[in-house]
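Asks: Can you look at this prediction? I've put the sequence above it.
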Amino acid sequence: MKRILNICTSLCLLSLVLTSCSDELDLQPLDRLTTDTFYKSRADFDGAIFASYSSMQDFWGTSTETMGEMGEFWKVSMVITDDVAAGSNADQKSRDIDNLMLRSSDVPFAAVYTQIYEGIYRANLVLDRLGGDNELSSEDKSVLEAEAKFLRGWFHFQAMKMFGTPPLALEIVQGIEGQALPNSSKTDLFAAILSDFSDAAIGLPASWDNLNTGRATSWAAKSFIGKVNVWKEDWPAAIAAFEEVVNNGQYRLMDNYEDNFNYAKENNAESIFEIQYGGPFSDDNLWVFDDTHSEDFKASQGIGRGWYWDASNGAPAGKLGWWAPTQSLVEAFEDGDVRKSAVLYQDGDTYYTYDGGGQYVLPYDTSWSETNYTLKKYRGPNNTVSGNHASNGQADFDNERWFRFAELKLLYAEALIQGGNATIAEQQINDIRNRAGLADLAPGTDLMEAMMQEKRVELAFEPHRWFDITRWGIGASVFGSAWNDNYNVFPFPLSEIERSNGLLIQNSGY
């Protein structure tokens, strides 16, 4: 979907124009498309649905115009965990969230909440317009409906993981009245999310052609059905979904762990769902790499991963180095685990980074990081090259691997452990360990503890650790006296509470 998302910026701009149109007006502006003239062809609907995917990209966006976002999703999914430390040079938002100072007025929560419900709105807009006067075949309508429901389910699932009881937005609300929505119950959220993924599993293709690589598939929907049921603790349903994917699906573990994060090997056999990043094709400025900025027509939807994470404090290429691996994470890797050298830089390593002048290759200096470590995952020798960067080196275009088969196998193991099938569960864990160069688990090993350990190191610096901590209820053991149980869900943004005039109820403790 690289080619598709290279045109997504202009389509997203169009979506923003369309969403500002009022259905109650008969005016037909001559200088822009309207909802009545746009939603006709398959290309029109593809463009509209790509706009919903674009809201995923914006989770990591940087914008100097809206709320001052600077990679906010990294903060709420990774900096907040025991795997990452915010340096003294990081922004105050990072340092606060690293210290578990969570406030309803904080930008990270408002930024991600906004992107989630923008994505839901865009998916609902497609569903709403499918019933209108258009040129679509019945097959087109079936596939697009399934894809829009996948996206809506995906966004609602993220909202539930973060906020606990967020609103369900299942239709377009016409007019000013009724725009605010109340909290939904966990029961209703699970039902709606699973319904959307189930419809997606039926209506989506098993795969797309090369021009559409990266769009959601029926196998991705089936995988998410399993994952949602893990969160629901419906172990039989989770096992059934995962069994189908493991036994009949198209996925396998890559032989080389690092290949999962190589920009030249995106959407590979281990990838269930990736956030696609296009470019470079128009603009190099990091602050327009999202579709909420007024210059979004210039953006090529890059991600500022290297800009924020590569080493600073005298390191070459002038990156920020705001966030760094912790000693706790380093010690979580067993001796001989090949993932450690793929995940982080440490003393004695060769360091790679990139700016507009090209790739830098030199010995790693521990003084570049306050923890003595720097992120390597998604970077390293294969990714710090011109083909993966804007010309000024500010942004790279490597996809975010959101859901890998390795994670699915560990989720499958968890469901099996809870469901009483230790033998198959142990095999799933050993498959992950063996790929990492580690031996099978020793006889008598506590499988739940082993699964939790493998999940931490296998998925390090992927956006899952925090949500595992809260789902497993281990916050107090991880963070000690700094933990408070209200952290199991994030605060709803204060701006949303106020905008709802009290209809949306704040989570306890905020």
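Replies: Arrived safely, thanks for sending. Numbers count the residues shown, from 1 in each chain.

Asks: Assess the claim that residue 317 and residue 360 are in contact.
Replies: Yes: contact criterion CB atoms under 8 Å: residue 317 and residue 360 qualify, at 5.8 Å. C-beta: built from backbone N, CA, C; applies to glycine.

Asks: Compare the two (neighbour count), which wins?
Replies: Comparing residue 317 with residue 360 by other CB atoms under 10 Å, the one with more neighbours is residue 317, at 20 against 15.

Asks: I'd like the distance between that one and residue 278.
Replies: 23 Å (CB to CB, to the nearest Å).

Asks: try residue 67
Replies: Applying CB to CB to residue 67 and residue 278 gives a distance of 24 Å.

Asks: neighbour-wise, which of these two wins?
Replies: Neighbour count, other CB under 10 Å: between residue 67 and residue 278, residue 278 has more, with 23 against 16.

Asks: ranges for the helices of the stretch 401-510 of the chain?
Replies: With DSSP state H, counting those that start in this stretch as the criterion, the stretch 401-510 of the chain has helices at 405-419, 422-435, 447-458, 465-472, 475-479, 494-499.

Asks: Below-threshold pLDDT in this protein: ranges please.
Replies: Under the criterion pLDDT under 70, the flagged ranges of the chain are 1-37, 175-177, 279-301.

Asks: same thing but 80
Replies: In the predicted model, the chain carries pLDDT under 80 at residues 1-37, 63-66, 174-178, 278-301.

Asks: ok, longest helix in it?
Replies: In the chain, assigned by DSSP state H, the helix with the most residues is helix 138-163.

Asks: Between helix 138-163 and the very next helix or strand once past that helix, find me the angle.
Replies: Per DSSP states H and E, the first helix or strand lying C-terminal to helix 138-163 is helix 186-203. Counting by axes from the mean of the first three to the mean of the last three CA atoms, to 10 degrees, helix 186-203 lies at 150 degrees to helix 138-163.

Asks: tell me how far helix 186-203 is from the chain's mean position?
Replies: Averaged C-alpha coordinates place helix 186-203 at 19 Å from its chain's average position (CA atoms, centre = their mean, to the nearest Å).

Asks: Now do that helix: everything it contacts.
Replies: 142-143, 145-147, 149-150, 152-153, 156-157, 160, 164-166, 168, 170, 184, 216, 218, 221-222, 224-225, 228-229, 231-232 (CB atoms under 8 Å, 6 or more residues apart in numbering).

Asks: Show me just the buried residues among the residues you listed.
Replies: 142-143, 145-147, 149-150, 152-153, 156-157, 160, 164-166, 168, 170, 184, 216, 218, 221-222, 224-225, 228-229, 231-232 (16 or more other CB atoms under 10 Å).

Asks: Does residue 399 touch residue 278 like I think?
Replies: No: counting by CB under 8 Å, residue 399 does not reach residue 278; the two are 9.7 Å apart.

Asks: And the strands in this protein?
Replies: Under the criterion DSSP state E, the chain contains strands at 84-86, 271-275, 323-325, 344-345, 350-355, 358-363, 374-375, 400-404.

Asks: do you know which of the ones you listed lies nearest residue 92?
Replies: Among the strands of the chain, the nearest to residue 92 by CB to CB is strand 84-86 (9.4 Å).

Asks: Tell me which other helices or strands the closest one touches.
Replies: Strand 84-86 sits against helix 92-98, strand 323-325, with contacts defined as 3 or more CB pairs under 8 Å, 6 or more residues apart in numbering; DSSP states H and E.

Asks: Could I get the ones you listed in TSV, plus columns for distance to residue 454?
Replies: TSV is the format used below for these (distance: least, CB to CB, whole Å):
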stretch	distance to residue 454
helix 92-98	25
strand 323-325	18
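
Asks: With respect to burial, which of those scores highest?
Replies: Per residue and on average, the most neighbours among the helices and strands packed on strand 84-86 fall to strand 323-325, with a mean of 25 (mean count of other CB atoms under 10 Å).

Asks: Spatially central residue for the protein, please.
Replies: residue 402 (5.2 Å; CA atoms, centre = their mean).

Asks: residues touching that one, list them.
Replies: 272, 273, 274, 275, 462, 463.

Asks: From these, pick the one nearest residue 355.
Replies: Of the contacts of residue 402, the one sitting nearest to residue 355 (CB to CB) turns out to be residue 275, at 24.1 Å.

Asks: so that closest one touches residue 399, yeah?
Replies: Yes: contact criterion CB under 8 Å: residue 275 and residue 399 qualify, at 6.0 Å.

Asks: Mind checking which of those two has more residues around it?
Replies: It is residue 399, of residue 275 and residue 399, that has more neighbours when counted by other CB under 10 Å, with 23 against 20.

Asks: For that one, which non-adjacent residue is closest in space?
Replies: Excluding the flanking residues, the one nearest residue 399 by CB to CB, 6 or more residues apart in numbering is residue 274, at 4.2 Å.

Asks: Residue 44 now?
Replies: residue 38 (5.3 Å).

Asks: so what's the closest residue to residue 478 other than its chain neighbours up against?
Replies: Ranked by CB to CB, 6+ apart and with sequence neighbours excluded, the top spatial neighbour of residue 478 is residue 82, at 5.3 Å. Residues near residue 82 by CB under 8 Å, 6+ apart: 326, 328, 329, 465, 469, 478, 479.

Asks: mind putting those residues in JSON lines, neighbour count and distance to residue 241 included?
Replies: Converted to JSON lines, the contacts of residue 82 look like this (neighbours: other CB atoms under 10 Å; distance: CB to CB, whole Å):
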{"residue": "326", "neighbour count": "17", "distance to residue 241": "34"}
{"residue": "328", "neighbour count": "15", "distance to residue 241": "33"}
{"residue": "329", "neighbour count": "24", "distance to residue 241": "30"}
{"residue": "465", "neighbour count": "22", "distance to residue 241": "23"}
{"residue": "469", "neighbour count": "22", "distance to residue 241": "24"}
{"residue": "478", "neighbour count": "15", "distance to residue 241": "29"}
{"residue": "479", "neighbour count": "16", "distance to residue 241": "32"}
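
Asks: how about the residues you listed in JSON lines, adding distance to residue 440?
Replies: Shown next, in JSON lines, are those (distance: CB to CB, whole Å):
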{"residue": "326", "distance to residue 440": "28"}
{"residue": "328", "distance to residue 440": "26"}
{"residue": "329", "distance to residue 440": "24"}
{"residue": "465", "distance to residue 440": "25"}
{"residue": "469", "distance to residue 440": "27"}
{"residue": "478", "distance to residue 440": "27"}
{"residue": "479", "distance to residue 440": "32"}
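
Asks: Pick the one among those closest to residue 129.
Replies: Nearest to residue 129 among the contacts of residue 82, counting by CB to CB, is residue 465 at 38.3 Å.

Asks: which non-adjacent residue is nearest the closest one?
Replies: residue 81 (4.5 Å).

Asks: same check, this time on residue 268
Replies: Going by CB to CB, 6+ apart, residue 268 has residue 254 as its nearest residue, at 6.0 Å.

Asks: got the phi/psi numbers for the one you found?
Replies: Here is the backbone geometry of residue 254 (degrees, to the nearest 10): phi -70, psi 150.

Asks: what's the spacing between it and residue 40?
Replies: Distance from residue 254 to residue 40, by CB to CB: 42 Å.

Asks: Just the closest of the contacts of residue 402 to residue 368, please.
Replies: Nearest to residue 368 among those is residue 462, at 23.3 Å by CB to CB.

Asks: wait, doesn't the closest one sit right on residue 406?
Replies: No: in this structure residue 462 lies outside contact range of residue 406 using CB under 8 Å: 9.7 Å.

Asks: Who has more neighbours out of those two?
Replies: In terms of neighbours (other CB under 10 Å), residue 406 is the more surrounded of residue 462 and residue 406; the figures are 26 against 21.

Asks: how far away is residue 404 from residue 258?
Replies: 13 Å.

Asks: Looking at those two, which is more packed in?
Replies: Neighbour tally, residue 404 and residue 258, criterion other CB under 10 Å: the higher count belongs to residue 404, 24 against 20.
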